[in-house]
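Here you go, sequence then predicted model.
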Amino acid sequence: MVITHNIKWFFIAFFVSLVLTCAGFFIVYRTQILKWSFLSKNQEIQRELSQNHKLEHSQFNSGDFFSEDTIMNDQIIDILSFEESGNKLQALEDLEVASLTRADADLEAYRTQICKDVIAMMMKNMVLSHSLFPHVEKRMSSIFKKQFLAMEKEIQEEYERKMVALTAECNLETRKKMEAQCQKARASNEEAEELMKKMNEKPAVEYKSLLDRLHRLEQDHLKRFLLVKQEEYFAKAYRQLAVTQRKELHNIFFTQITNATFKGELKLEAAKTLVEGYSKIQGDIEELMDFLQASKKYHLNRRFAYREYLISKTQLRDSQAYALINAAAAQISSLINKMERAGHLPESHLGVLLDRAEAEINSVKQKFDHDLKQEKQKLHQKLITKRRREMLQKQKEHWKEQLSLGDPFKTSKEITQYLSHWKNLLSDHTIEFEELTEKLDNEASEELKELLFSLTEKTVEDLKRVQYGVFVQELVKLSVPKMFLLEAVEEHKKEMVVKHEQLEREERDKSTAAEELLQLTRQKLSQELETSLSEQKKLRSWEQSVLMHLLSLPLSLSEEELLRMRQELHCCFSQVDSSLAWPKIRARTLLQAFEVEWRDTELLKVDQNLAMTNKQVGTMWDQCDSDATSVCVDQWTLKIIVKYELLLEKECQLRDLENKLGEYIASLAFQKAVKKSKTLELYTAIISIQALLFEQLSMSKTLSKLECIQILEAHNPEIEELDRKLEYEMFHKESTQQQQQQHLMSRQRWTPDGLGLSSEAVEMNADRQVTVLLRQAMNKCRQLINLHQQSLRDEQWNCAVLEDLLENIEMDAFLALYSQELRLAGYLAKLTRVPMGMLHRILNLLLPSSSQSEVLSVLNSISKYSDGVAEGGSNADDSGSCKKKKNQELWQALENKVRQDLINRSLEKMPSLNKRKDSLIKKKQLALLEKASFIHLGCSPTHPPMEQSDLPVPLDTATAEAIELLDTGEKVFLFREPSDPIVSLHNSPRKKKKNFLNSKKAARANMDS
C-alpha cells in the first residue's frame, strides 16, 4: 500500500511539472555567436562605414553593432531549421526579448544623439540672435563635447562593472540553487532505493525511470527560472544606467548654463530664454521618443506575430510530411499482414518478412533524417548568406541617411523641423527594415517547405520501391497470387492519394485559420499602438498637471533655485517612459515565480490528499488529468494577475516620481523656513536680553525712567529709516516685476498670426461656411491651450522669483534691524556691566536649539558693541565691595527667573498638546510686542516698578517646547499640517505687510503715548 501511494505521488508530480515546464527546458540560442565564411565581407562594410562614423550608436557596450544585430536576426533561421518542434515557440520568445533589448539600446542611442544635437543647435541659435558671443559659444560647445564624452566613458565603465558583478552574483546563485536541487534529488533517490528493495523488479524499474525523469524536469525548470531571473537583473541594471545617462545629460546642460551665468558670459535674460527653450524642446523630444518607442514595439510585435504564424505552418508541414512517410511505411506491413490473413502466406514466413520490413523502413527513415539534416545545413548557409547581405546593405543605407541628417540643420533655427525629420526618417527606416525582414523570413520558410516536401516525396517513393521492388517480388516468390497482389497494390495507391488529399485539405483549413488569427492579431496590435500613444499622451498631460500644481503652490524661488527645480523636473519626467524589454522580462519573471508557488501549493495538496485517501490506479490517472487541466486553466489566471501586477508597479513608479518632486520642493521650502526660524529665534533672544538689561538698569537704579525712554527714542529713528527703505525697495521691485510681466504678455499676445492664421486668412475665411471655421478653430485648439499654459507657467515662475526677491529684501532689512538691536544690547550691557559668563548662560537658555558656535557668535557681537565687559563677573577694583555682591545676586536671580519661566511655560503646554491653539506666528508676534513694549509696561505710572519681576520673560514658543531636552542636547522639529498657519515673513507681494519694523514702531508708539 505504501508503494502504491508513492507511485501515485510521483505520477502526479510528474504530470504537474510537465504542464508547468511546457514539456522540458531548452537553453536559448541568442547567446550563441556563429562565425560564417562571409565575415570578411561584413568587416569590409564596417571599415567603409567607420570612415564617416559620426553618430554614436553603441549603448553601454563596445561590441560590433552590425554583427550583433545581424546574428540576432539570423536566429530565426536556426529556429525554423533546427529547433525541435515543441521548443520553437519558447526559443522565439527568447529571441523576442533579445530583440526588444536591442531596440531599447537603439532608441537610447537615438535619444542621446538627438539631445546633444539639439543643445548644439540651441547654442548656435543664441549666437544668431546676438544673445551669445561666438567665442563663448565655441568654448561652451567644446566643454559640452568633452563632458558628453566623459559621461559616456563613465557610463560605459559603470556598465562593464555592473555586468561583471552581476555575472559573478548570478553564477554564485545558480551554483547554490543547483547544488540544493542535486542534494534534494540525492535524498529522494536514497529514499527510493529503500522502497525499491521491497518492490518487484518491473514496478521498481518503472518507479526508478519516472523518478529520474521527474528530477530532470525539476532541474530543467529550475534552470529556466534562474535564467529568467538573471535576465531581470541585467535588464534592471541596464534601465538604471539609461536613466542615469538621461539625468547626467540634463545635469551637464544646467551646470554649464549656471556656470556661464555666474561668470557673466551669459546674461540672465539670455539664460532664462535658453532654459525655457530647452524645456520646450525636451517636451518635444519626449513626445518624439514616445512615438518611436510605440512604433518600434508595434513593428516588433508584428514581426513576431508573423514568425509565430510561420512556426505554426512549419509545424503543420512537419506533421504532414511525417504522416505521409508513416502512411507509406504502414502499407508495407499492411500488405504482408493482408497476404497472411488471406491464407496466401505461410505463418512461418510472416515474422521474418515483418522484421525485414521494419529494418527496411527504419533504413529509409534514417536516410530521410540524415538527408534532411544535411540539406538543411546547406540551405541554412545559403539563407544566412543571402539574409546578411541584404540586411547589411539596408542597414548601410539607413546609417548613411542618419549620418547626413544633422548636417543641413546644424545652423538652422528650426529645431522642430529637425525633430520632425528624425521622426519621419526613423519611421520609414523601421517600416523598410520590417518589410525586408518579413520578406526574408517568408522566403526562408518557403525554401524550407520545398526542401521538406521534396525529401518527403523522395522518401515516399523509396518506400514504394521497397514495397513494390522488394516485398511484392518476395511475396511472388512465396507463391502469392500475382493478381491478388496487384489488387492490393492498387488499393494502396488509392489510399495514398486519399491520404495526400486529406492532408492537403487539413493544411489548407489550418493555414486559413492561422492566417485569420494573424490578421486579427495585427488588428489588435494596431489598436494597441493607438492605445499606447493615447496613454503616453495622458502621462505627459499628467506631467503638465503636476508641474502646474507645483507652480500653484506659494513658492519663493531664486533664479538659481528655479534653475535647479527645472533640472529636477526634467530628470524626473525623462523616466516616465517604459522600456520595451522590461515589461516583457518582468512579466516572465512574475509568471515563473507564481508558477513555482502554484506548483508547490498543488503538490502539497496532492500529497495531503494521497496521504488521507486510498484510491485505485484508474482513479489516480483521472486525478492526474484533472490536476493538469486545473493547472492549465490557472495559468491564464496567473497571466491576468501578472498584468495587474505590472500596472500596479507602473502606478507606484509614477507616484514615487511625484513624491520625489514634492520632497524636493518641500526641502527648498523647509530650508528657507529653517533659516527664517533661526533668524527669528536670534532676534527674539536679543530682545529678551534687552528686556533683562533694562530690568537690571531699572532695578539697580542705574538709569531713570526718563533716561530709558530717551534711549528708546534715540533708537526709534533708525527703525523708521529702515522701514522707509524697506517699503521703497519692495515697491520698486514690484513695479519692475509688473513692467516685465506686461512686456512678456505683450510679446505673447495671441494674434491670428501667432496661431498660424494670418489676418488676411481670417478675413478670407469670414465668408466661408461655419463648419470650416470651426474645423480650423479645433485644429488650433491644442496650440491655444499650450500658449495659455506657457503664459500661466511664466507668470507663476515670475511670481515665485518676485516672492524670493521681496523676502530677501525683507530679510536684509530684518538683519539690519537685528544688527541695530545687537548694538543696543551691547550698549545696555556696557551700562549694566553684565558678566559675559552670565550672559552666555542666559543665551544658552534662550537659544536651546542653537549650536555653541552660534551662541558664541551672538555673544561676541554683543561684546564688540559693549566695548569690553568684565569677564566672569570678577573685577579687582571692587572685589570686596557690597555692590558687586548685590549685582551678582541680582544677576543670579534673573538667571533663575529665566530658567523657571521656561520650565513653567513648558509645564503649562504639556496638558494641552492635543488641543487646537493659536498659530505659531501669532505667538511670536505677541512675544515680540511684549518685549518691545517692556519698558513702557515697566515704567508707566500705572505700573509700579516692583511688578516688573512678576512679568513673564517673553520667549519663543518653539524654545519653550524644547526645554525638557536641554540636558540631552536633542532637538525637536515640529511639522504642522497644511491647514495650520504658515510661518512666513512675506505673504503676498501685492499687499502691504505688517513686518517686524512696523511692529517695532507700533510698540514704540504705544510707549510714547
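Alright, I've got the coordinates. Numbering: from 1, shown residues only.

Tell me how many other residues crowd Asp78.
Neighbour count for Asp78, taken as other Cβ atoms under 10 Å: 17. Glycine gets a C-beta too; all of them are placed from N, C-alpha and C.

in which helix or strand would I find it?
Counting by DSSP states H and E, the secondary-structure element that holds Asp78 is helix 65-82.

what about that helix, distance to the chain center?
With Cα atoms, centre = their mean, to the nearest Å as the basis, helix 65-82 stands 30 Å off its chain's centre.

Quick check: next helix or strand after it?
Heading C-terminal from helix 65-82 (DSSP H and E), you reach helix 88-128.

what's the distance between the nearest residue to Val364 once chain neighbours are set aside and Val470?
For Val364, ignoring the flanking residues on the chain, the nearest one in space by Cβ to Cβ, 6 or more residues apart in numbering is Asp462 at 5.0 Å. Going from Asp462 to Val470 by Cβ to Cβ, to the nearest Å gives 11 Å.

what about those two, which has more around it?
Asp462 (19 against 14).

Report the mean confidence score over the helix or strand where Leu902 lies.
According to DSSP H and E, Leu902 maps onto helix 882-909. Across helix 882-909, the average pLDDT comes to 74.

list the buried ones in that helix?
By 16 or more other Cβ atoms under 10 Å, the buried positions in helix 882-909 come out as Lys884, Asn887, Trp891, Leu894, Glu895, Lys897, Val898, Arg899, Asp901, Leu902, Arg905.

same check, this time on stretch 836-846
Neighbour count says stretch 836-846 has Met836, Met838, Leu839, His840, Arg841, Ile842, Leu843, Leu845, Leu846 buried, by 16+ other Cβ under 10 Å.

One more: stretch 256-269?
Across stretch 256-269, burial judged by 16+ other Cβ under 10 Å covers Gln256, Ile257, Thr258, Ala260, Thr261, Glu265, Leu266.

Any idea how far apart the tips of that stretch sit?
16 Å (Cα to Cα, to the nearest Å).

The longest helix anywhere in the chain - what's its average pLDDT?
Selection of the longest helix in the chain by residue count, based on DSSP state H, yields helix 617-699. Mean pLDDT, computed over helix 617-699, is 77.

Same question for stretch 551-570.
On average, stretch 551-570 scores 83.

would you put the C-alpha positions of that stretch in PDB?
Provided in PDB are the C-alpha atoms of stretch 551-570 (Å, rounded to 0.1, in the frame of the first residue of the first chain):
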ATOM      1  CA  LEU A 551       3.700  76.200  -9.500                       C
ATOM      2  CA  SER A 552       0.400  76.900  -7.900                       C
ATOM      3  CA  LEU A 553       2.000  76.500  -4.500                       C
ATOM      4  CA  PRO A 554       3.000  79.700  -2.700                       C
ATOM      5  CA  LEU A 555       6.700  79.200  -3.600                       C
ATOM      6  CA  SER A 556       9.500  81.700  -3.300                       C
ATOM      7  CA  LEU A 557      12.400  80.700  -5.500                       C
ATOM      8  CA  SER A 558      15.600  82.400  -6.600                       C
ATOM      9  CA  GLU A 559      16.800  82.200 -10.200                       C
ATOM     10  CA  GLU A 560      19.300  79.600  -9.200                       C
ATOM     11  CA  GLU A 561      16.700  77.600  -7.300                       C
ATOM     12  CA  LEU A 562      14.400  77.900 -10.200                       C
ATOM     13  CA  LEU A 563      17.000  76.500 -12.500                       C
ATOM     14  CA  ARG A 564      17.600  73.600 -10.200                       C
ATOM     15  CA  MET A 565      13.900  72.900 -10.000                       C
ATOM     16  CA  ARG A 566      13.600  72.800 -13.800                       C
ATOM     17  CA  GLN A 567      16.600  70.400 -13.800                       C
ATOM     18  CA  GLU A 568      14.900  68.200 -11.200                       C
ATOM     19  CA  LEU A 569      11.600  68.300 -13.300                       C
ATOM     20  CA  HIS A 570      13.400  67.100 -16.400                       C
END
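
and that stretch, which residues are buried?
Buried, per 16+ other Cβ under 10 Å, within stretch 551-570: 551, 555-559, 561-570.

Just give me the closest of those residues to Gln502.
His570 (65.3 Å; Cβ to Cβ).

ok, now how distant is the closest one from Met612?
Counting by Cβ to Cβ, the gap from His570 to Met612 is 63 Å.

next one: Ser188
22 Å.

who's more crowded, these two?
Neighbour count, other Cβ under 10 Å: between Ser188 and Met612, Ser188 has more, with 15 against 6.
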